[in-house]
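**Student:** just the structure for this:
(chains A and B)
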Amino acid sequence: MSENEHHIVPVKLYMLIGGTLLFFTWVTYAVSKIDLGPLNTVVALCIATFKATLVVLIFMHVKYTSEKLTKAVIFSAIFFLGLLLTLSLADFGTRNWL
Amino acid sequence: MSASHATTAGSAGAHAGTQDAAQRELRHHFVDMQQQSNTASLGMWLFLVTEVMFFGGMFCAYLIYRLAYYKDFAAASQSIDVRWGALNTAVLLVSSFTMAMAVRCAQLGKQKLLVIFLLFTMLFGATFLGVKAKEYYDKYEEHHIPAMNFNFDGKLLGHPEYVVNQRHAEMFFSIYFAMTGMHALHMVIGLGLMAYLIIASSRGKFDTSYYTPVENIGLYWHFVDVVWIYLFPLLYLISRTKG
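**Tutor:** Take a look at the predicted model:
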């Protein structure tokens, strides 16, 4: 266990991530005014997921954690959230098909 | 010099200067501070999973109703001022950056900088809530608060002839206030936790061997940020061009 020291993230990386997050906030704001049809939602959610991934991996230290169970817990959260959303939307989205 | 100091401090009690907090805080059923800290962190992540499912239920309700009342939801969403939402997103992201810096200062044992970064995080968190209050007040003046003389007279962008269903628009704002309200409540709780951290670190409760509360409240703060990262596009952005 002695090699499981807390990783110190360099300030420059935190600033780079913070800057990237702010830049993509501006990007998603600017793109939302351009009419892409249904792709507007896809682009907005992809940018949101990219931003959320940066926050979780770097700010929340998941990239550096020595506790392997943490990653299993996060994957289970994403899996069950996906299950909730996809099955619910598959149900409500196809009711008119009958 | 300070970096090597910090990397050796993780092993409990190995560093002479960190003996106090390690001896005070290590519970008898843990082998060392490292194991105790890993356990606390895992427990925090499990709590965050329950939070994901809690907010996930509301996201699911939003998506189902948006699917059912597509045009009314678009018209209702277009009545929200996107600039305030964008400003709040930036404010919250900056507060996440200052929180990450606060945890870094705790890791390195820089107690004064830790308090300063926590104060900045509180400042940005309070700014977010102030902007949110302004947005809520605008909605109050426009009669867009459900069950309080609700009246929606907005039009769907590009379809001025479309008559917006009042009840469907009211449903959008019910979900809007439920989701942003629960998020704001989490922010208020976060500010309380921040205040606790500032008092505790001022009293010298933390050092490089023990800063679990800073780390875990940081996780909580970043999680609340992640929720907003999804709320912003879903409530403000994705209906701006639909016509």
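
**Student:** before we move on, which element is residue 83 in?
**Tutor:** Here I'm looking at chain A. helix A:68-93 (DSSP states H and E).

**Student:** the intended chain is chain B.
**Tutor:** Residue-wise, B:Arg83 maps onto helix B:82-108 under DSSP H and E.

**Student:** so which elements touch that helix?
**Tutor:** Here helix B:82-108 is seen to pack against helix A:11-31, helix B:2-9, helix B:111-141, helix B:212-231 when contacts are counted using 3 or more C-beta pairs under 8 Å, 6 or more residues apart in numbering or on different chains; DSSP states H and E. For the C-beta atoms, the positions are set from N, CA and C on the backbone; glycine is no exception.

**Student:** A:Glu67 is nearest to which of these?
**Tutor:** helix B:212-231 (11.9 Å; C-beta to C-beta).

**Student:** what is the distance between that closest one and the centre of its chain?
**Tutor:** The chain centroid and the centroid of helix B:212-231 are separated by 5 Å under C-alpha atoms, centre = their mean, to the nearest Å.

**Student:** that one and chain A, are they touching?
**Tutor:** Yes. Residues of helix B:212-231 contacting chain A under C-beta under 8 Å from any C-beta of the partner chain: B:Gly218, B:Leu219, B:His222, B:Phe223, B:Asp225, B:Val226, B:Ile229, B:Tyr230.

**Student:** tell me the helices and strands packed up against that helix.
**Tutor:** When contacts are defined as 3+ C-beta pairs under 8 Å, 6+ apart, helix B:212-231 sits against helix A:39-54, helix B:33-68, helix B:82-108, helix B:111-141, helix B:166-202.

**Student:** looking at the residues of helix B:212-231 next to chain A, which is nearest A:Ile78?
**Tutor:** B:Val226 (11.7 Å).

**Student:** my read: the closest one touches A:Phe59, true?
**Tutor:** No. Between B:Val226 and A:Phe59 there is no contact under C-beta atoms under 8 Å: 9.3 Å.

**Student:** in the helix holding B:Arg83, which residues are buried?
**Tutor:** Under the neighbour-count criterion of 16 or more other C-beta atoms under 10 Å in any protein chain shown, helix B:82-108 has B:82, B:85-108 buried.

**Student:** got the angle for that helix vs helix A:11-31?
**Tutor:** Orientation check (axes from the mean of the first three to the mean of the last three C-alpha atoms, to 10 degrees): helix B:82-108 against helix A:11-31 gives 170 degrees.

**Student:** measure how helix B:82-108 sits relative to helix A:39-54, angle-wise.
**Tutor:** Comparing the axes of helix B:82-108 and helix A:39-54 via the same axes, to 10 degrees yields an angle of 20 degrees.

**Student:** now helix B:82-108 and helix B:166-202, what's the angle there?
**Tutor:** Relative orientation of helix B:82-108 versus helix B:166-202 (the same axes, to 10 degrees): 20 degrees.

**Student:** so what's the model's average confidence on helix B:82-108?
**Tutor:** Mean pLDDT, helix B:82-108: 97.

**Student:** chain center to it, what's the gap?
**Tutor:** That offset, for helix B:82-108, works out to 9 Å (C-alpha atoms, centre = their mean).

**Student:** residue most distant from the centroid, chain B?
**Tutor:** Centroid-distance maximum for chain B: B:Glu161 at 39.3 Å, with C-alpha atoms, centre = their mean.

**Student:** separation between it and chain A?
**Tutor:** Applying C-beta to the nearest C-beta, to the nearest Å, the value for B:Glu161 to chain A is 19 Å.

**Student:** secondary structure class for that residue?
**Tutor:** Taking DSSP: H, G, I helix; E, B strand; the rest coil as the rule, one finds B:Glu161 in the coil state.

**Student:** torsion angles phi and psi at it?
**Tutor:** Torsion angles at B:Glu161 (phi, psi; degrees, to the nearest 10) stand at phi -80, psi -10.

**Student:** and the residues of helix B:212-231 next to chain A, which are buried?
**Tutor:** Neighbour-count burial (16+ other C-beta under 10 Å) applied to those gives B:Gly218, B:Leu219, B:His222, B:Phe223, B:Asp225, B:Val226, B:Ile229, B:Tyr230.

**Student:** and the pLDDT for the third one?
**Tutor:** Meaning B:His222. 98.

**Student:** will you turn the helices and strands packed on helix B:82-108 into CSV that also has distance to B:Phe152?
**Tutor:** Shown next, in CSV, are the helices and strands packed on helix B:82-108 (distance: least, C-beta to C-beta, whole Å):
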stretch, distance to B:Phe152
helix A:11-31, 24
helix B:2-9, 55
helix B:111-141, 11
helix B:212-231, 21
